[in-house]
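Sequence first, then the predicted structure, then my questions.
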Amino acid sequence: MLRDLEASMSFFQDTSEISKLNKASGKAEVILSNDILYILEKAKLYSELSR
């Protein structure tokens, strides 16, 4: 499971969801898995809470 998460979130793997999201930023829609969406939503929440 941890390897799957790493494969989805890696900045260094061109095939990861995060890399695809970064490359398409402002250019195209990217479909993300529920796990990645959950993690990004929590990251945003904690970022806002820590201001």
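Noted; the coordinates are in hand.

Buried ones in stretch 41-50, by neighbour count?
Judged by neighbour count using 16 or more other Cβ atoms under 10 Å, stretch 41-50 contains no buried positions. Placement of C-beta: from N, CA and C, glycine included.

what about it, distance to the chain center?
Taking Cα atoms, centre = their mean, to the nearest Å, one finds stretch 41-50 lying 14 Å from the centre of the chain it belongs to.

Sketch out the strands for this protein, chain order is fine.
For the chain, strands defined by DSSP state E do not occur.

residue nearest the centroid of the protein?
I18 (4.1 Å; Cα atoms, centre = their mean).

give me every residue that touches it.
S8, M9, S10, F11, I36 (Cβ atoms under 8 Å, 6 or more residues apart in numbering).

unless I'm mixing things up, the fourth one is touching S19, no?
Yes. Here F11 reaches S19: they are 6.4 Å apart, a contact under Cβ atoms under 8 Å.

What is the burial count for S8?
Using other Cβ atoms under 10 Å, the number of residues around S8 comes to 19.

Quick one: residues in contact with the lengthiest helix in the chain.
Longest helix in the chain by number of residues (criterion: DSSP state H): helix 34-49. The contact list for helix 34-49, computed with Cβ under 8 Å, 6+ apart, reads L5, S8, M9, E17, I18, L32.
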